[in-house]
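**Q** turn this into a structure:
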Amino acid sequence: MILIPGIVIAIATFPGVIVHEAAHLFFCRVRKVAVFEVCFFRIGNPVGYVVHEKTDNFTTSLLISVGPFMINSLFCIVFCFPAFVPVRIFGQVDPVSYFWIWLGISIGMHAFPSTQDARVLWEAAREAARAGNLIALVSFPLVALIYVANLLSFLWFDTLYGLAIGLALPELLFRKLV
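**A** Reported below is the predicted structural model:
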C-alpha cells in the first residue's frame, strides 16, 4: 500500500474538493440555510469547509450532508463518460479526454461526506427519529456507511469509488452494448 499525505492527494484532486464544498453550499442555498463562511480549497486541514446555521429540519440536514455524494458522483459520470469514448472505444491517445477523465475521477474521489458531515447527520437523525421521522430511522445505516467509507479511505476506497463510477461503469455499459 502506498502512503501519500492527504494534502498531496487534495492538491492533485483539488477540483473534487471544490465541487464537494460547492455542493454543500448549493443545498444550503436551496434549503435557505444561512451560510457564515465558505472555503472551497486551502492548504490545511480541512482542505475545504462550509460553516452554516444549524437546522431543525431533518430533510435539510440530510441534503446538506449527503449532497456532495450526489453532486460529485453525477459530475464524475458526466465528465468521464464522454471522455471514455475516444480513449477506450476508438483507442485514441487524446490529452483532452485524459484531462476530462482526471477531472471526473478527482471529483468522484471526493464524493463521500466527511466524518464531520456524518456527525451532524447522526445528531439530526437521532432528534428526528425521536419525533417519529421514518426517513431519519432509515438514515442510520447511511451514517454508518459514511463512517466506514471514511475509514476505508486509508485503503484508497475513495479513489476506487471514483474509478468505479468514472471508468468501470462506462466500461460495463460499453460491454453490454457490444
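**Q** tell me the predicted confidence for the closest residue to P15 other than its chain neighbours.
**A** In this structure, P15 finds its nearest non-sequential neighbour in S106, 5.1 Å apart by CB to CB, 6 or more residues apart in numbering. Placement of C-beta: from N, CA and C, glycine included. On pLDDT, S106 comes in at 97.
**Q** equivalent analysis for V178, please.
**A** 67.
**Q** check I2 too.
**A** 65.
**Q** mind listing the helices for this protein?
**A** 6-12, 14-30, 58-84, 95-109, 115-130, 134-152, 157-163, 169-177 (DSSP state H).
**Q** pull the distance from the first one to the chain's centre.
**A** Shown here is helix 6-12, whose average C-alpha point lies 15 Å from the average C-alpha point of the whole chain (CA atoms, centre = their mean, to the nearest Å).
**Q** ok, now the last one?
**A** From the chain centre to the centre of helix 169-177 is a distance of 23 Å (CA atoms, centre = their mean).
**Q** which helices and strands does it pack with?
**A** helix 58-84 (3 or more CB pairs under 8 Å, 6 or more residues apart in numbering; DSSP states H and E).
**Q** could you list the low-pLDDT ranges of the protein?
**A** Applying pLDDT under 70 to the chain picks out residues 1-3, 178.
**Q** which among the helices of the chain is found nearest to Y49?
**A** helix 14-30 (6.8 Å; CB to CB).
**Q** contacts for the closest one next, please.
**A** For helix 14-30, contacts defined as CB atoms under 8 Å, 6 or more residues apart in numbering pick out 10, 33-35, 38-41, 47-50, 52, 60, 63-64, 67-68, 70-72, 75, 103, 106-111, 162.
**Q** would you mind writing the PyMOL command to select the buried ones in these?
**A** Per 16 or more other CB atoms under 10 Å, the buried members of the contacts of helix 14-30 correspond to this PyMOL selection:
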select buried, resi 10+33+40+41+47+48+49+50+52+60+63+64+67+68+71+72+75+103+106+107+108+109+110+111+162
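**Q** do you know how far the most centrally placed residue in the chain is from L163?
**A** Nearest to the mean C-alpha position of the chain, by CA atoms, centre = their mean, lies A111 at 1.1 Å. Distance of A111 to L163, computed by CB to CB, to the nearest Å: 12 Å.
**Q** what does V138 give?
**A** For V138, the distance to L163 - CB to CB - is 29 Å.
**Q** which one of the two has more residues nearby?
**A** The neighbour comparison of V138 against L163 (other CB atoms under 10 Å) goes to L163, with 19 against 11.
**Q** what's the closest non-adjacent residue to that one?
**A** I105 (6.1 Å).
**Q** quick one: contacts for the one you found?
**A** T13, C76, C80, T159, G162, L163, G166, L167.
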